[in-house]
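Engineer: The following block contains a protein sequence and its predicted model.
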Amino acid sequence: MHVHLREPGEEYKETIASGVAAAVAGGFTSICAMPNTNPVNDNASVTRFIIDKAREAGLARVYPVGAITRGSAGQELAEMAEMKEAGAVAVSDDGRPVMNGQVMRHAMEYARDHGLVVVDHAQDLNLSAGGAMNEGRYSTLLGLKGISAAAEESHVARDIMLAELTGARVHIAHISTVGSVELIRRAKGQGIPITCEVTPHHLALTDAAVLGFDTNTKMNPPLRSEKDRVALIEGARELDYDHAPFGVIGLETAVGVAISVLYHTSGLSLSRIVEMLTTGPARAFSLQGGSLKEGASADVTIFGPDRKSTVDLSRFKSKSRNTPFAGWKLRGNVVETLIGGRKTTG
Ligand SMILES: [Zn+2]
């Protein structure tokens, strides 16, 4: 649901071709590409470019996410109708959250009218300004400026209220705190149309990992406390499959980390994990896939829940190497990825 392919504009970081190769290597048959490319995917021609490039690469299916505002600058709305027509499945200003509540309200109304999901990276940029890691014991210990939980939660609360007001389908990207889990749990209880995702990083790691200043532990939102991590796992355990898709960063480690942490360590069922990686995201963004029904496209990932592997950066298909999981021994991993019935991996 949440992948950065960096093309057009930043091909030295990742290309659509390297991104889809990483996807199938990690067991992903479909991925959603965030719009923070250069130029930003805020119009139909960029949307079409991404779809054409993905088709050329011929591996995982790529669903573009268009921008909410022009240039993701947070002011005027982007050409949502045209992007939807060209194949965009949702809109987001991921990484550059819409700070103006009125702009967000209009964006939700417009997206609702065009059948698009609004994906928000929930972060108050004023509250988080200058922060490098979670605000807490470890930021004090390390002398780094912290990012408070409130920087995320205040925007989650705003988005819930605007979702209720507008009736738009809203999806909160990569939640990281206890408070966000609680806000979303309560909103769902009230029938507000909201979903969320969590990354493997936030399920597997805490801000204690920042000790030693490994820059691979620097991410936005930051790794949080153990209390937050446990709340995120509980959220994954309880929230029903329709409403709890699983966000992923790190295509080639996500399945292994999810099975290791959620199944082997925390006792979630394998079927629950499969739902979070397949039917949950497919429903949230109204995508095909996530089904083994007769007649469905044969996008199938075969994995071994006890298959042991070590995360080896030299074998990554992605151009990107910034993972905190290098050298981790995982239990549970992908064996083969089929797209439309065709084998894609060795
Ligand atoms: Zn984001």
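Structural biologist: Cool, got the structure.

Engineer: just the helices in this protein please.
Structural biologist: For the chain, helices defined by DSSP state H occupy the ranges 16-25, 44-57, 80-86, 101-113, 125-128, 137-142, 149-166, 178-189, 200-204, 226-238, 254-258, 270-277, 279-284.

Engineer: among those, which is nearest residue 330?
Structural biologist: Residue 330 lies closest, by CB to CB, to one member of those: helix 254-258, at 3.6 Å. Heads up, the C-betas are built off the backbone N, CA and C, glycines and all.

Engineer: ok, how many other residues are close to the residue nearest to residue 154 when sequence neighbours are not counted?
Structural biologist: Excluding its sequence neighbours, the residue lying closest to residue 154 (CB to CB, 6 or more residues apart in numbering) is residue 124, at 5.2 Å. Using other CB atoms under 10 Å, the number of residues around residue 124 comes to 18.

Engineer: For residue 124, give me its contacts.
Structural biologist: By CB atoms under 8 Å, 6 or more residues apart in numbering, the contact set of residue 124 is 97, 99, 150-152, 154-155.

Engineer: Just the buried residues of those.
Structural biologist: Those of these that meet the buried threshold are 97, 151-152, 154-155, by 16 or more other CB atoms under 10 Å.

Engineer: nearest to the ion, of those residues?
Structural biologist: Checking these against the ion with CB to the ion, the nearest one is residue 97 at 8.0 Å.

Engineer: For the nearest residue to residue 27 once chain neighbours are set aside, list each beta-bridge partner.
Structural biologist: Taking CB to CB, 6+ apart, and ignoring the residues beside it in sequence, residue 27 has residue 334 as its nearest neighbour in space, at 3.5 Å. In this structure, residue 334 has the following beta-bridge partners (DSSP bridges): residue 303.

Engineer: State the distance from residue 334 to residue 277.
Structural biologist: Here the criterion is CB to CB, to the nearest Å. By it, residue 334 lies 11 Å from residue 277.

Engineer: Pull up the overlap in contacts between the two.
Structural biologist: Shared contacts of residue 334 and residue 277, defined by CB under 8 Å, 6+ apart, are found at residue 255.

Engineer: Kindly tell me how buried the closest residue to residue 31 other than its chain neighbours is, as a neighbour count.
Structural biologist: The shortest distance from residue 31 to any residue other than its chain neighbours is 4.4 Å, reached at residue 3 (CB to CB, 6+ apart). A count of nearby residues for residue 3, using other CB under 10 Å, gives 26.

Engineer: one step back: export the buried ones among the contacts of residue 124 to JSON lines and append columns for distance to residue 90.
Structural biologist: Putting the buried ones among the contacts of residue 124 into JSON lines (distance: CB to CB, whole Å) gives the following:
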{"residue": "97", "distance to residue 90": "15"}
{"residue": "151", "distance to residue 90": "23"}
{"residue": "152", "distance to residue 90": "20"}
{"residue": "154", "distance to residue 90": "23"}
{"residue": "155", "distance to residue 90": "17"}
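
Engineer: Would you enumerate the residues in contact with the closest residue to the ion within the chain?
Structural biologist: Going by CB to the ion, the ion is nearest to residue 121 of the chain, at 3.5 Å. By CB under 8 Å, 6+ apart, residue 121 lies in contact with 92-97, 173-174.

Engineer: Likewise for residue 14?
Structural biologist: Under the criterion of CB under 8 Å, 6+ apart, the contact partners of residue 14 comprise 4-7, 318-320.

Engineer: and these, which are buried?
Structural biologist: Burial of the contacts of residue 14 was assessed by neighbour count (16+ other CB under 10 Å); the buried members are 4-7, 318-320.

Engineer: can I get those residues in JSON lines with distance to the ion and pLDDT?
Structural biologist: As requested, the buried ones among the contacts of residue 14 are arranged in JSON lines below (distance: CB to the ion, whole Å; pLDDT from 0 to 100):
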{"residue": "4", "distance to the ion": "9", "pLDDT": "93"}
{"residue": "5", "distance to the ion": "14", "pLDDT": "93"}
{"residue": "6", "distance to the ion": "14", "pLDDT": "93"}
{"residue": "7", "distance to the ion": "18", "pLDDT": "94"}
{"residue": "318", "distance to the ion": "18", "pLDDT": "90"}
{"residue": "319", "distance to the ion": "19", "pLDDT": "87"}
{"residue": "320", "distance to the ion": "15", "pLDDT": "81"}
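
Engineer: my read: residue 88 touches residue 116, true?
Structural biologist: Yes: applying CB atoms under 8 Å as the test, residue 88 and residue 116 come out as touching, 7.2 Å apart.

Engineer: Name the residues contacting each of those two.
Structural biologist: The contact lists of residue 88 and residue 116 share 66, 80, where a contact means CB under 8 Å, 6+ apart.
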